[in-house]
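Visitor: fold the following for me, if possible:
(one chain, ligands or ions: 1)
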Amino acid sequence: MIQKKLAGEKAAEFVEDGMIVGLGSGSTVYYTIQKLGELVKNGLHIKGVSTSSRTSSLAASLGIQLVSLNEVEKIDLTIDGADEVDRNFNGIKGGGGALLFEKMVAKASAKNIWVVDQSKRVNALGSFPLPVEVIPFGYTHVNKALQERGFKPVLRTENGEPFQTDSHHYILDIHTGSIDDPHALHQWLKSLTGVVETGLFIDIADAVIVGEKQTASIVTK
Ligand SMILES: O=C[C@H](O)[C@H](O)[C@H](O)COP(=O)(O)O
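Guide: Got it, this is the predicted structure:
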């Protein structure tokens, strides 16, 4: 989709020679990574920290050098997609199941830019089902607690089997409706034993690049 391409490619303009760059996951940041691949072929030196096995394969195929999160003290800039972004730049991520690594990479980054198309911008988070990453052991009990709270959890599946994240966890997609207090919801979810991470990304994005019909605009706080 052209809006994703415009946003994704625009973000590559913020990458400078010598940077350690967090490489997000998904169909929008795909275009950033493709662009970075071109720039690397033309002499740009960067090291990438990947957030998913898919991104690792893509980056490696384009000749982008990868290092693990353990090997770096900090990341200069991370570029990633999002499933929803509100006016405070809080977001829902994890539609592709990469939320845990994405959040760890984001939190180790001096700056985070999200790339989205216009449809991802919302007044309040919560229309997109919120991914909750859980360990497979006893996940039905977490599911029950979420059901009791009225969140209608759905175990994410792939080819008829539970979808497994890169860490071999499961994902329960929950239906929260409009989220009034993302902090409180995130805290409550994290308090459930067996929950590894939530797709609520709060106070993480510094700027959002929004792909429009013919251009991409940069929105800062
Ligand atoms: O787990 C997936 C990530 O959080 C993605 O960044 C997010 O789902 C947005 O992906 P896309 O750009 O494909 O809509």
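
Visitor: contacts and neighbour counts: CA atoms only from here.
Guide: Will do.

Visitor: show me which residues of this protein are close to the ligand?
Guide: 25-28, 80-83, 93-99 (Cα under 6 Å from any ligand atom).

Visitor: mind listing what residue 209 touches?
Guide: The contact partners of residue 209, taken as Cα atoms under 8 Å, 6 or more residues apart in numbering, are 7, 8, 10, 11, 113, 114, 115, 116, 216, 217, 218, 219.

Visitor: oh, I was asking about residue 96
Guide: Shown in contact with residue 96 (Cα under 8 Å, 6+ apart): 25, 26.

Visitor: what's the distance between residue 20 and the ligand?
Guide: In this view, residue 20 and the ligand are 19 Å apart by Cα to the nearest ligand atom, to the nearest Å.

Visitor: can you list the neighbours in contact with the helix or strand of the chain with the lowest mean pLDDT?
Guide: Across the helices and strands of the chain, mean pLDDT, DSSP states H and E gives its lowest value to strand 216-220, namely a mean of 93. Contacts with strand 216-220, where a contact means Cα under 8 Å, 6+ apart, come from 3, 6, 7, 10, 206, 207, 208, 209, 210, 211.

Visitor: what's the farthest-apart pair in these?
Guide: 3 and 206 (20.2 Å; Cα to Cα).

Visitor: in terms of packing, which of the two has more residues around it?
Guide: Higher neighbour count among residue 3 and residue 206: residue 3, with 20 against 16, using other Cα atoms under 10 Å.

Visitor: pretty sure the more buried one sits against residue 212.
Guide: Yes. The pair residue 3 / residue 212 is scored as a contact, 5.2 Å apart, by Cα atoms under 8 Å.

Visitor: okay, and the common contacts of these two?
Guide: With Cα under 8 Å, 6+ apart, residue 3 and residue 212 have common neighbours 117, 118.
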